[in-house]
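*Asks:* Structural data only, the sequence is not supplied:
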């Protein structure tokens with residue numbers, strides 16, 4: 001983490017210094033130096049506020065800078081590096097789920113069959129793994145830090161884009177319709193790229209299947225992810241930009257977070 005923090009700091013991305021941690025403990029814990037600011041949803045107005053589109057653009061710029069960080073010498077999760085193998089693993093994840101009916105299983109299988117062709121030959125980059133507003137800090141006018149790197153990995157450049165969209169889609173249609181173009185512009189992603197929405201949908205599906213196959217989600221968060229996995233609903237949300245569930249469940253659990261580790265801040 002120290003090497004990542006140094007590289008990120010060189011391009012203006014603030015990452016907290018980790019003092020100590022034990023991710024194998026029950027519950028897992030981590031102690032780190034506090035960064036200024038609060039998670040974006042906790043700023044004045046949150047995602048519904050008038051400043052969120054500007055913050056969305058800034059988050060796009062932040063993601064673009066993070067994606068360019070050097071990966072040489074880092075021990076990285078490479079399970080998403082091979083699209084064909086990833087699709088095969090995802091098929092196993094889906095087969096083990098009880099929440100899908102036969103029709104939905106067929107739809108998921110069809111979408112997974114396209115993964116190799118959609119992602120074959122594309123550049124791999126450093127992906128944050130959980131790039132969502134709850135993991136970006138802000139003072140209300142600018143971004144002040146990035147947190148939660150437990151799911152960092154090598155992945156497609158659109159991994160962070162897809163998960164940011166998934167997270168923000170829990171807000172209202174108006175929020176997503178306003179913020180999404182700003183975020184894409186900030187990240188220099190071509191909104192007219194022919195396969196953009198297909199790749200975003202596929203990455204969201206893959207990540208939801210991965211989360212549901214693991215044991216890191218609390219029951220409440222798991223239920224929400226399972227509900228969002230329904231292919232018909234997911235496609236409608238992406239095309240319309242609608243959503244009705246909050247970014248946080250029960251006041252504390254973060255939707256879009258890959259684990260429920262308790263975090264303590266050292267000030």
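*Replies:* All right, it came through fine. Note that the structure is a prediction, hence the values are computed from the model and not measured.

*Asks:* Then residue 50 would be within a strand, right?
*Replies:* No - judged by DSSP: H, G, I helix; E, B strand; the rest coil, residue 50 forms no part of a strand; its state is coil.

*Asks:* Show the model's pLDDT score for it.
*Replies:* We have a pLDDT of 96 for residue 50.

*Asks:* How far does whichever strand or helix holds residue 220 sit from its chain's centre?
*Replies:* Using DSSP states H and E, residue 220 sits in helix 219-228. The chain centre lies 15 Å from the centre of helix 219-228; the measure is Cα atoms, centre = their mean, to the nearest Å.

*Asks:* Residue 228 and residue 211, how far apart?
*Replies:* Distance, residue 228 to residue 211, using Cβ to Cβ, to the nearest Å: 10 Å. Quick note: C-beta positions are derived from backbone N, CA and C, even for glycine.

*Asks:* which of these two has more neighbours?
*Replies:* residue 211 (22 against 19; other Cβ atoms under 10 Å).

*Asks:* Surely the more buried one is in contact with residue 224?
*Replies:* No - Residue 211 lies out of contact with residue 224 (Cβ atoms under 8 Å); the separation is 10.4 Å.

*Asks:* Looking at the protein, which residue reaches furthest from the middle?
*Replies:* residue 102 (28.0 Å; Cα atoms, centre = their mean).

*Asks:* Local confidence estimate at that residue?
*Replies:* With respect to pLDDT, residue 102 has a value of 92.

*Asks:* In this structure, spot the helix with the most residues.
*Replies:* helix 196-213 (DSSP state H).

*Asks:* what is the mean pLDDT for that one?
*Replies:* Helix 196-213 comes out with an average pLDDT of 97.

*Asks:* So for stretch 64-80, first residue to last residue, what's the gap.
*Replies:* 19 Å (Cα to Cα, to the nearest Å).

*Asks:* Give me the contact list for it.
*Replies:* Residues from elsewhere that reach stretch 64-80, judged by Cβ atoms under 8 Å, 6 or more residues apart in numbering: 3-4, 7-8, 11-13, 85-86, 89, 125-129, 131, 146, 151-157, 159-160, 186-188, 206.

*Asks:* So which of these belong to helices?
*Replies:* 3-4, 7-8, 85-86, 89, 159-160, 186, 206.
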